[in-house]
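Novice: A predicted structure for the sequence below; I have some questions about it.
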Amino acid sequence: MSALVETTDEDATLAVARFTAEMAWANAGPEVAEPEVIHCIEEAQSYMLERRWSDLVSLLLTSADLIFANSAEKDLECIFTVICNLVTKAGSPDEALAMADQIVTKVTQQPSDKPALRLRILFNLYNMLENPYSKFLVYERALKLAANGKVADLIIPSFKKMDAFLKEWNIRKNNQQELFLAISNILKDNKGSARDSYSFLLKYLATFDGEDAYSISEAKEEAVRAIIEFVRAPDMFQCDLLDMPAVAQLEKDGKYALVYRLLQIFLIQRLDSYLEFQAANSALLKSYGLVHEDCITKMRLMSLADLASKGSGEIPYASVRDTLRVTDDDVEFWIVRAISAKLVDCKMDQMHQVAVVNRSTERVFGPPQWKELHSRLAVWKENIANIIRNIQKANAAADQTPEALQGLAIQ
């Protein structure tokens with residue numbers, strides 16, 4: 001019958017030293033192995049007495065590959081918990097980072113072998129570190145391990161806490177760029193995460209605001225990717241890509257100017273402009289995997305939203321027919337689709353052949369849209385002020401009841 005025995009950190013560390021040494025010399029005879037094991041334990045004791053924690057970590061990791069190959073996962077997790085715990089004894093953040101780097105390097109060398117376990121070890125190490133930047137570096141390596149080991153589903157839940165992480169880490173802009181792009185790429189390959197991938201891609205592009213032309217040029221490929229993903233997405237109808245310097249640089253780029261032009265068409269123009277563009281650049285669209293019929297569908301919906309936002313509150317069916325290039329019988333079908341996509345909120349007046357618009361979605365929201373919103377708010381403010389004034393007048397009139405009427409009321 002076994003019993004639980006309390007052990008100190010020192011006992012656990014020396015037990016790991018013995019275990020790793022015995023495994024390293026397992027194929028040697030007892031006469032060779034025993035002295036080597038004793039020497040390893042004595043060396044570990046010496047490092048502990050001298051507080052040479054980085055050297056101790058290096059010693060315990062000497063046979064890491066053998067340990068991973070020949071130990072049960074439960075034992076592996078215990079061994080690395082002991083090793084990771086040594087970072088808490090470091091005399092400075094730099095020493096703790098150096099120790100963490102040794103551990104991470106060993107753990108991530110073979111990402112396809114027990115990847116879930118390796119990821120748990122890195123998470124454990126992350127939680128033992130105190131320095132925010134050191135924690136970020138471990139998390140960044142965990143991202144790469146998750147991607148290379150095909151266990152991204154284990155790290156994806158942590159993305160929801162990214163705002164809190166960024167506040168804690170307080171990392172530089174270049175670190176943010178690497179992080180956002182890595183997360184976006186992981187999500188891109190994960191089924192059902194396209195929208196989240198696009199969101200982190202936009203965060204990546206936004207980090208280039210205020211950068212010089214040379215720095216911004218690094219983001220060209222990802223800017224193109226963002227445009228193509230927006231055009232391809234059947235349920236995205238609004239974005240701020242045109243306002244981003246990382247995207248705007250494509251306008252005059254010899255290689256990608258047409259891609260930028262395509263974005264302009266989808267955000268500020270209508271179906272007729274797209275059809276003209278497609279006729280001249282069909283090969284370009286195909287090269288990016290864009291399907292013409294899908295693009296037409298999206299442009300019809302976005303053109304209808306544009307009609308609603310630019311109109312006087314009513315859209316004649318004839319305007320819908322001509323703008324969307326559909327038959328009279330299909331007009332209401334496309335209005336219903338736009339309502340379903342939440343691009344417009346309107347009612348169809350079949351008798352007068354108009355759509356009465358209550359609300360519409362703007363494809364872009366820049367200075368012109370802010371100006372229009374300001375004007376509408378000013379009108380609403382004046383209308384409310386008029387209502388308040390009328391109520392005040394009515395109350396004042398009620399308080400000034402004629403004396404004759406008062407006497408009549410008393411009788």
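Specialist: Alright, I've got the coordinates. Residues are numbered from 1 along each chain as shown.

Novice: list the buried ones in the helix or strand hosting Glu229?
Specialist: In this assignment (DSSP states H and E), Glu229 forms part of helix 220-232. When burial is assessed from 16 or more other C-beta atoms under 10 Å, helix 220-232 yields the following buried residues: 220, 222-232. Where you see a C-beta, it was placed from the backbone N, CA and C, and this is true even at glycine.

Novice: okay, those residues in a markdown table with pLDDT and distance to Gln176 next?
Specialist: Formatted as a markdown table, the buried residues of helix 220-232 follow (pLDDT from 0 to 100; distance: C-beta to C-beta, whole Å):
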| residue | pLDDT | distance to Gln176 |
| --- | --- | --- |
| Lys220 | 96 | 18 |
| Glu222 | 97 | 14 |
| Ala223 | 97 | 17 |
| Val224 | 97 | 21 |
| Arg225 | 97 | 18 |
| Ala226 | 97 | 16 |
| Ile227 | 97 | 21 |
| Ile228 | 97 | 23 |
| Glu229 | 96 | 20 |
| Phe230 | 96 | 22 |
| Val231 | 96 | 26 |
| Arg232 | 95 | 26 |
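
Novice: Make CSV from those residues and add distance to Gln264 to it.
Specialist: Output for the buried residues of helix 220-232, formatted as CSV (distance: C-beta to C-beta, whole Å):
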residue, distance to Gln264
Lys220, 17
Glu222, 19
Ala223, 14
Val224, 14
Arg225, 17
Ala226, 14
Ile227, 10
Ile228, 14
Glu229, 16
Phe230, 12
Val231, 11
Arg232, 16
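
Novice: tell me the secondary structure for the residue nearest the centre of the chain?
Specialist: Closest residue to the average C-alpha location of the chain: Phe200 at 3.0 Å, with C-alpha atoms, centre = their mean. Here Phe200 is recorded as helix under DSSP: H, G, I helix; E, B strand; the rest coil.

Novice: out of everything not next to it in sequence, what's closest to it?
Specialist: In space, and not counting its chain neighbours, Phe200 is closest to Ser184: 4.0 Å by C-beta to C-beta, 6 or more residues apart in numbering.

Novice: Touching, the one you found and Ala194? I think so.
Specialist: No: judged on C-beta atoms under 8 Å, Ser184 makes no contact with Ala194 at a distance of 10.4 Å.

Novice: about what we covered before: which strands and helices lie in contact with the helix holding Glu229?
Specialist: For helix 220-232, the elements it packs on are helix 194-206, helix 245-248, helix 257-268, helix 292-310, judged by 3 or more C-beta pairs under 8 Å, 6 or more residues apart in numbering; DSSP states H and E.

Novice: Also compute the angle for that helix relative to helix 194-206, please.
Specialist: For helix 220-232 against helix 194-206, the angle by axes from the mean of the first three to the mean of the last three C-alpha atoms, to 10 degrees is 140 degrees.

Novice: Which residues are in contact with Leu241?
Specialist: By C-beta atoms under 8 Å, 6 or more residues apart in numbering, the contact set of Leu241 is 202, 205, 223, 226-227, 230, 247, 263, 267.

Novice: could you dump the residues you listed to a markdown table with distance to Glu22?
Specialist: Formatted as a markdown table, these follow (distance: C-beta to C-beta, whole Å):
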| residue | distance to Glu22 |
| --- | --- |
| Leu202 | 53 |
| Leu205 | 53 |
| Ala223 | 56 |
| Ala226 | 54 |
| Ile227 | 59 |
| Phe230 | 58 |
| Val247 | 59 |
| Leu263 | 63 |
| Leu267 | 66 |
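
Novice: In those, find the pair that's most separated.
Specialist: Greatest spatial distance among these (C-beta to C-beta): Leu205 and Leu267, at 15.3 Å.

Novice: Which of those two has more residues huddled nearby?
Specialist: Set side by side, Leu205 and Leu267 show more neighbours around Leu205, with 25 against 22, by other C-beta atoms under 10 Å.

Novice: Now do the buried residues in stretch 180-197.
Specialist: Going by neighbour count (16+ other C-beta under 10 Å), the buried part of stretch 180-197 is 180-188, 193-194, 196-197.

Novice: And that stretch, end to end?
Specialist: One end of stretch 180-197 sits 9 Å from the other (C-alpha to C-alpha, to the nearest Å).

Novice: Distance from the chain centre to it, please.
Specialist: 7 Å (C-alpha atoms, centre = their mean, to the nearest Å).

Novice: Give me the contact list for it.
Specialist: 140, 143-144, 146-147, 152-153, 155-156, 159, 162, 198, 200-201, 203-204, 207, 222, 229, 233, 236.

Novice: which element is the closest residue to Tyr47 other than its chain neighbours on?
Specialist: Nearest residue to Tyr47 in three dimensions, chain neighbours excluded: Leu56, at 4.0 Å (C-beta to C-beta, 6+ apart). Taking DSSP H and E as the criterion, Leu56 maps to helix 53-60.

Novice: Quick one: mean pLDDT for the very next helix or strand once past that helix?
Specialist: As assigned by DSSP H and E, the chain's next helix or strand after helix 53-60 is helix 64-70. Mean pLDDT, helix 64-70: 87.

Novice: Show me what helix 64-70 is packed up against.
Specialist: Judged by 3+ C-beta pairs under 8 Å, 6+ apart, the packing partners of helix 64-70 are helix 9-24, helix 73-85, helix 93-107.

Novice: Confidence-wise, which of the ones you listed is weakest overall?
Specialist: The weakest mean pLDDT among those belongs to helix 9-24, with a mean of 84.

Novice: Phi and psi next, for Ile315.
Specialist: phi -120, psi 120 (degrees, to the nearest 10).

Novice: OK, contacts around it?
Specialist: Going by C-beta under 8 Å, 6+ apart, Ile315 touches 307-308, 346, 354-355, 357.

Novice: Let me know the closest of those residues to Phe136.
Specialist: Using C-beta to C-beta, Ala308 comes nearest to Phe136 of the contacts of Ile315, at 45.5 Å.

Novice: So the closest one is in contact with Cys346, correct?
Specialist: Yes: checked against C-beta under 8 Å, the pair Ala308 and Cys346 is within contact range at 6.8 Å.

Novice: More neighbours: the two, which one.
Specialist: Taking other C-beta under 10 Å, Ala308 and Cys346 do not tie; Ala308 has more neighbours (25 against 21).

Novice: Quick one: residues contacting the more buried one.
Specialist: Residues near Ala308 by C-beta under 8 Å, 6+ apart: 315, 338, 343-344, 346, 355, 357, 360.
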